[in-house]
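Q: Pasted the sequence and its predicted model underneath.
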Amino acid sequence: MRRGLVLLAAWPLLLAASAACAEVDAPMLRGTPIRVDGRVVGEKPDDTSTNVSGMACRPAAVAGPHDCLVIDDQRGAAQHVRLENGRLIALPAEVLLLDRTPPMHAAGTEPRVTTCPGGTRPFKDLDGEAVTFMPASPAGEGHFYITGSHGCGRNNERFRSSSFLVARVPADAQGRFGPVALSWRLTGALLADTTLAPHFGASLNGEHGLNVEGLAAQGGDLLFGLRGPTVAETAYILRVNAEALFNREGPDPTGHRFELGLGTNVGIRDLATLPSGELLVLAGPTQDQNDINYRLLAATLVHPGDRPGGVRLRELGQIEPEVTRDAKAEGVTVLGERDGALHLIVTFDNPENGGPRRYEIPQWRRAGVN
């Protein structure tokens, strides 16, 4: 009881500390372009992707090689890529996530959303926005998870049910991929949250509509980062148990909401798990505001019982504005830690093949610590 009283008393201070991060000038990070061998496939088979929205890799030493999956948000397939010897090698192997018809054996029920301003369009692609890997053993086995946006289209404001799926792809210790499982059930978890539900199915352009753009794994849970809505400088993460999400029996899972004080019109563009156990947050504009910078923050999630969770944030750095002037930072992939420095890759929307850049953050565990 005494511990609970202390936590509740400290709650306003925790939220204030989170919001204060929005006002801190983060140190500038300078990345190094990564050479891409081959081609990340775009919407059409002969296209080179300019819509890379996420990448995740199986655990490996910082030097690699790293086996990864990359997603283009205009496709229904993920592509196998490898990071090796300072290069990103786009391999021909693909994982088909869905075809042009609704899946027969997905967990949950296909949603029907009637509030998107542009109406309804046929089932098409996943609108995949983020990828994460959840290890199952030290040998490297586990599952990749890929999430759709779960929102109205940003440009056409239309509803497509194919955007409201989460995919699970098993991978063995040799990097071979197994049969894909699909779930509609994140919709139920989002609608069960009284703060997020009013934004579900709303326009992303001016109505603070909900859409998912970040994804990370911690333990047996998936953490979905929302680009929108943002309310009173607050962005949101919803934590959902992965097994419950893909369970075909019983009710939809419930989630636990966490609130991040990132600043006005600043949402989550991606998430990843750090070697410290913290979350890495790629934060950026909810729309296309040119005066909002892309930043990297370390986040510690705090569980206050049944209340929404709080987040302690540490600023790690800012992506150089000359890069994000013509490219939107969309994905972040943690490679690991070496000699006290954090090594990661940021991918971008607009450049071919995601325009990957490698960043090194020295003494990152002490960054932003007062």
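A: That came through fine.
Q: So residue 365 lies in a helix, does it not?
A: Yes: judged by DSSP: H, G, I helix; E, B strand; the rest coil, residue 365 forms part of a helix.
Q: going forward, begin numbering at 318 instead of 1
A: New numbering, starting at 318: the last item is residue 682.
Q: Surely it touches residue 631?
A: No: if you go by Cβ atoms under 8 Å, residue 682 and residue 631 don't touch, sitting 9.1 Å apart. Quick note: C-beta positions are derived from backbone N, CA and C, even for glycine.
Q: between those two, which one's more packed in?
A: Taking neighbours as other Cβ atoms under 10 Å, residue 682 and residue 631 compare with residue 631 leading, 22 against 18.
Q: which residue is nearest the middle of the protein?
A: Against the mean C-alpha coordinate of the chain, by Cα atoms, centre = their mean, the closest residue is residue 531 at 1.6 Å.
Q: do you know how far that residue is from residue 385?
A: 17 Å (Cβ to Cβ, to the nearest Å).
Q: related to what we said a few turns ago, write down the beta-bridge partners of the residue nearest to the centre of the chain, one by one.
A: Under the criterion DSSP bridges, residue 531 forms beta bridges with residue 542.
Q: my read: it touches residue 587, true?
A: Yes: under the criterion of Cβ under 8 Å, residue 531 is in contact with residue 587, at a separation of 4.5 Å.
Q: residues shared between the contacts of these two?
A: Counting by Cβ atoms under 8 Å, 6 or more residues apart in numbering, the common neighbours of residue 531 and residue 587 are 447, 542, 598-599.
Q: Just among those residues, which is most surrounded?
A: residue 447 (31 neighbours).
Q: Name the nearest residue to that one, ignoring sequence neighbours.
A: Spatially, and ignoring its direct neighbours in sequence, residue 447 is nearest to residue 532 (3.7 Å; Cβ to Cβ, 6 or more residues apart in numbering).
Q: Do I have it right that that neighbour meets residue 464?
A: Yes: using Cβ under 8 Å, residue 532 is in contact with residue 464, at 5.0 Å.
Q: now do the same end-to-end measure for stretch 396-416.
A: End-to-end distance for stretch 396-416, by Cα to Cα, to the nearest Å: 15 Å.
Q: next one: it to chain centre, how far?
A: With Cα atoms, centre = their mean, to the nearest Å as the basis, stretch 396-416 stands 18 Å off its chain's centre.
Q: quick one, helices of this protein?
A: Applying DSSP state H to the chain gives helices spanning 319-337, 503-508, 559-563, 638-641.
Q: tell me what the third one is packed against?
A: Other elements packing on helix 559-563 under the criterion 3 or more Cβ pairs under 8 Å, 6 or more residues apart in numbering; DSSP states H and E are strand 483-488, strand 498-500, strand 538-545.
Q: any idea of the pLDDT on residue 621?
A: Note on residue 621: pLDDT of 60.
Q: again with residue 320
A: With respect to pLDDT, residue 320 scores 40.
Q: What residues does the residue nearest to residue 524 when sequence neighbours are not counted make contact with?
A: Once flanking residues are discounted, residue 524 sits nearest to residue 516: 7.9 Å by Cβ to Cβ, 6+ apart. Contacts for residue 516 were tallied using Cβ under 8 Å, 6+ apart; they are 524-527, 545-546.
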